[in-house]
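Colleague: pasted the sequence and its predicted model underneath.
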Amino acid sequence: MSAIVPPSVTACYALAVLSATAEGTGGSASWAALPTDRLEFGEMRALWDEVLGAVGAGPHTGLLVGDRIRPEGLHILGHLVLTCASLADAAQAAERYHPW
């Protein structure tokens, strides 16, 4: 019987989120030692909450994350969204293959 693995994201994605803040740390030293492989969804949600609430976070933080993340950091999903004709198509593909 195999163990159930909780949904997770790559650490590369988390680093892109952190780099989108003015300080590059999400406003806290609590994220100084990120795992080098994956973060569970709950950890990633907590990181987003902290980054969006940090001093220097603005309305364009999500766009800054998108600018900093590389397709290979999202593995096959990153390459899939690159083949989409529109942002809406990319969002639908991401939701289909990486449901929240």
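Modeller: Noted; the coordinates are in hand.
Colleague: quick one, what contacts Cys12?
Modeller: Applying CB atoms under 8 Å, 6 or more residues apart in numbering to Cys12 gives the contacts Ile69, Arg70, Glu72, Gly73, Leu74. C-beta coordinates here come from the backbone N, C-alpha and C atoms, glycine included.
Colleague: so for the residues you listed, which is the shakiest by pLDDT?
Modeller: Minimum pLDDT for the contacts of Cys12 is recorded at Gly73 (69).
Colleague: quick one: distance of the lowest-mean-pLDDT helix or strand in the chain to the chain centre.
Modeller: Lowest by mean pLDDT, DSSP states H and E among the helices and strands of the chain is helix 11-19, with a mean of 77. Distance of helix 11-19 from its chain centroid, counting by CA atoms, centre = their mean, to the nearest Å, is 6 Å.
Colleague: alpha carbons only: can I get it in CSV?
Modeller: Provided in CSV are the C-alpha atoms of helix 11-19 (Å, rounded to 0.1, in the frame of the first residue of the first chain):
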residue,chain,number,x,y,z
ALA,A,11,10.6,25.2,-4.8
CYS,A,12,11.5,27.1,-8.0
TYR,A,13,8.0,28.5,-7.9
ALA,A,14,8.3,29.5,-4.3
LEU,A,15,11.6,31.3,-5.0
ALA,A,16,9.9,33.2,-7.9
VAL,A,17,7.2,34.3,-5.5
LEU,A,18,9.8,35.5,-2.9
SER,A,19,11.8,37.4,-5.5
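Colleague: give me the buried positions along stretch 52-60.
Modeller: For stretch 52-60, the neighbour count (16 or more other CB atoms under 10 Å) marks Leu52, Ala54, Ala57 as buried.
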